[in-house]
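*Asks:* the sequence and its predicted three-dimensional model are supplied below.
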Amino acid sequence: MIPMSAQEIKEFWHGFCQRQGVSEAVRAAGDRKIEEDPEHWADQTMWDLLDVLSGKKK
């Protein structure tokens with residue numbers, strides 16, 4: 001696991017969302033997912049998180 005706090009992961013997620021033009025609603029949903037399991041999301045790409053939120057991945 002990459003040692004990162006939930007807040008650090010969310011900051012990275014927010015930067016990704018800004019660069020990719022992700023909506024505020026999707027960004028907020030991503031924040032909730034990160035808060036549920038920050039250890040998991042520390043080891044995943046932000047594209048993986050976006051795919052989970054869009055239903056492309058489980």
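*Replies:* In hand now; what should we look at? Everything quoted here is computed from the prediction, not taken from an experiment.

*Asks:* now for the helix or strand bottoming out on mean pLDDT in the chain, which elements pack on it?
*Replies:* One helix or strand of the chain scores below all others by mean pLDDT, DSSP states H and E: helix 38-42, with a mean of 94. Helices and strands touching helix 38-42, by 3 or more C-beta pairs under 8 Å, 6 or more residues apart in numbering; DSSP states H and E, are helix 6-20. Placement of C-beta: from N, CA and C, glycine included.

*Asks:* centre of the chain to stretch 48-58, how far?
*Replies:* Centre-to-centre, stretch 48-58 and its host chain are 10 Å apart (C-alpha atoms, centre = their mean, to the nearest Å).

*Asks:* list the buried residues for that stretch?
*Replies:* By neighbour count with 16 or more other C-beta atoms under 10 Å, stretch 48-58 contains the buried residues 49-50, 52-53.

*Asks:* just these: which are in helices?
*Replies:* Residues of the buried residues of stretch 48-58 located in helices (DSSP state H): 49-50, 52-53.

*Asks:* using PDB, write out the CA atom coordinates for the least confident helix or strand of the chain.
*Replies:* Taking only C-alpha atoms (Å, rounded to 0.1, in the frame of the first residue of the first chain), the coordinates of helix 38-42 have been written out as PDB:
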ATOM      1  CA  PRO A  38      -8.800   5.000   1.500                       C
ATOM      2  CA  GLU A  39      -6.300   2.100   1.700                       C
ATOM      3  CA  HIS A  40      -7.800   0.500  -1.400                       C
ATOM      4  CA  TRP A  41      -7.800   3.800  -3.400                       C
ATOM      5  CA  ALA A  42      -4.300   4.600  -2.400                       C
END
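
*Asks:* quick revisit: and which of the ones in helices among the buried residues of stretch 48-58 is nearest to residue 2?
*Replies:* Of all these, residue 49 has the smallest distance to residue 2: 14.1 Å, by C-beta to C-beta.

*Asks:* need the contact list for the closest one.
*Replies:* Residues near residue 49 by C-beta atoms under 8 Å, 6 or more residues apart in numbering: 13, 30, 33-34, 41.

*Asks:* let's go with 7 Å and repeat that
*Replies:* 13, 30, 33, 41 (C-beta atoms under 7 Å, 6 or more residues apart in numbering).
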